[in-house]
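Trainee: What shape does this take:
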Amino acid sequence: TFNWSAVSGVTSYELEVDNDSTFNSPTIKKSDLTTNSFSAQSPLADGSYYWRVRGKDAEGNWGEWSDVFQFTISIAILSVTPTSLDFGSNETTKTFTISNTGSGTLTWNITDDSNWLDVNPASGTTSTETDQITVTVDRTNMASGAHSGTVSIISGSGTKTVSISASKEVPDLSVSPPSLDFGSSETNKSFFISNSGTGTLTWNVSDDKDWISVNPASGSTSFETDQLTVTVDRSNLGAGIHSGTITVTSNGGTETISVTASK
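Mentor: Numbering: from 1, shown residues only. Below you'll find the model as predicted:
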């Protein structure tokens with residue numbers, strides 16, 4: 001919209017707008033304006049423009065052109081890449097970029113809808129450069145399973161979103177049977193380790209007696225069941241009933257197996 005001061009005695013105005021200060025081929029030329037303002041009905045392309053106005057009296061005489069005024073049109077366009085980020089079950093940091101595919105300066109702010117998401121930086125401006133945004137996932141208080149969230153980039157030229165997906169795997173140690181009785185003659189028995197949770201269960205085995213040995217002593221399992229062999233050596237045992245404990249420690253908890261043998 002172009003506005004100018006009304007001139008006494010003027011019955012109509014003429015307006016010229018051009019991207020050249022010589023006004024040889026005006027982009028806008030209006031000669032029948034009866035008010036001291038004009039609103040362009042079509043958008044102007046990006047660039048620098050000049051405009052001027054003059055008035056005509058009741059006898060049809062045109063006055064001098066006004067001073068030449070200049071203005072610039074620049075339209076910023078928000079572009080975000082990529083529009084989705086998948087963190088899987090173990091990645092914590094990923095990035096996306098913000099750029100201005102238009103002109104001028106793009107001002108943007110970022111919000112997210114999940115308390116396990118953090119975005120840095122959360123605001124900024126960009127003209128010709130590309131801004132890199134870091135998204136961090138915190139699984140500390142996240143429940144087991146798949147999760148989704150949305151990061152929104154808000155600007156004067158619109159809003160874009162980046163969809164976020166992440167999952168948390170929680171291993172859960174399961175050991176069976178809870179006890180092994182070798183009696184007076186058996187030397188080998190087995191117990192089993194499985195993961196009743198999600199993700200990968202990493203485990204280690206120890207025992208508290210030198211007459212007990214376990215093989216293997218460490219491992220990992222996701223879906224399969226691991227079989228471990230316990231061997232009892234009575235060579236140095238005295239007569240009577242003996243007891244010991246096998247301890248299985250893991251990232252999904254700790255379990256114990258009681259072991260008894262007699263000689």
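
Trainee: alpha carbons only for contacts and neighbour counts from here, please
Mentor: OK.

Trainee: shaky segments in the stretch 51-200 of the chain?
Mentor: Within the stretch 51-200 of the chain, no stretch has pLDDT under 70.

Trainee: Please tell me I have it right and residue 149 contacts residue 164.
Mentor: Yes: with contact defined as CA atoms under 8 Å, residue 149 reaches residue 164; the gap is 4.9 Å.

Trainee: Those two: which has the busier surroundings?
Mentor: Taking other CA atoms under 10 Å, residue 149 and residue 164 do not tie; residue 164 has more neighbours (21 against 17).

Trainee: Which residues are in contact with the residue nearest the centre of the chain?
Mentor: The centre of the chain sits closest to residue 135, judged by CA atoms, centre = their mean, with a distance of 4.3 Å. Residues in contact with residue 135 (CA atoms under 8 Å, 6 or more residues apart in numbering) are 93, 94, 95, 96, 117, 118, 119, 120.

Trainee: what about 7 Å?
Mentor: Shown in contact with residue 135 (CA atoms under 7 Å, 6 or more residues apart in numbering): 93, 94, 95, 117, 118, 119, 120.

Trainee: Quick check on these: which are buried?
Mentor: Among those, those buried by neighbour count (16 or more other CA atoms under 10 Å) are 117, 118, 119.

Trainee: Sticking with the last one, tell me its helix or strand.
Mentor: The reference is to residue 119. Per DSSP states H and E, residue 119 falls inside strand 117-120.

Trainee: which other helices and strands contact the next helix or strand after that strand?
Mentor: For strand 117-120, the following helix or strand on the C-terminal side (DSSP H and E) is strand 123-126. Secondary-structure packing of strand 123-126 (3 or more CA pairs under 7 Å, 6 or more residues apart in numbering; DSSP states H and E): strand 106-112.

Trainee: helices and strands around the strand it packs on, which ones?
Mentor: Here strand 106-112 touches strand 123-126, strand 145-155, going by 3+ CA pairs under 7 Å, 6+ apart.

Trainee: Direction included, what does the last one pair against?
Mentor: According to DSSP bridges, the neighbouring strands of strand 145-155, each with its direction, are strand 106-112 (antiparallel), strand 158-168 (antiparallel).

Trainee: Without its sequence neighbours, what residue ends up closest to residue 52?
Mentor: Nearest non-adjacent residue to residue 52, counting by CA to CA, 6 or more residues apart in numbering: residue 68, 5.1 Å away.

Trainee: Kindly report the same for residue 45.
Mentor: Closest residue to residue 45 apart from its sequence neighbours, by CA to CA, 6+ apart: residue 73 at 7.1 Å.

Trainee: contacting residues around that neighbour?
Mentor: Residues in contact with residue 73, defined by CA under 7 Å, 6+ apart, are 46, 47, 48.

Trainee: Any figure for the gap between the second one and residue 100?
Mentor: Right, residue 47. Between residue 47 and residue 100 the computed distance is 16 Å (CA to CA, to the nearest Å).
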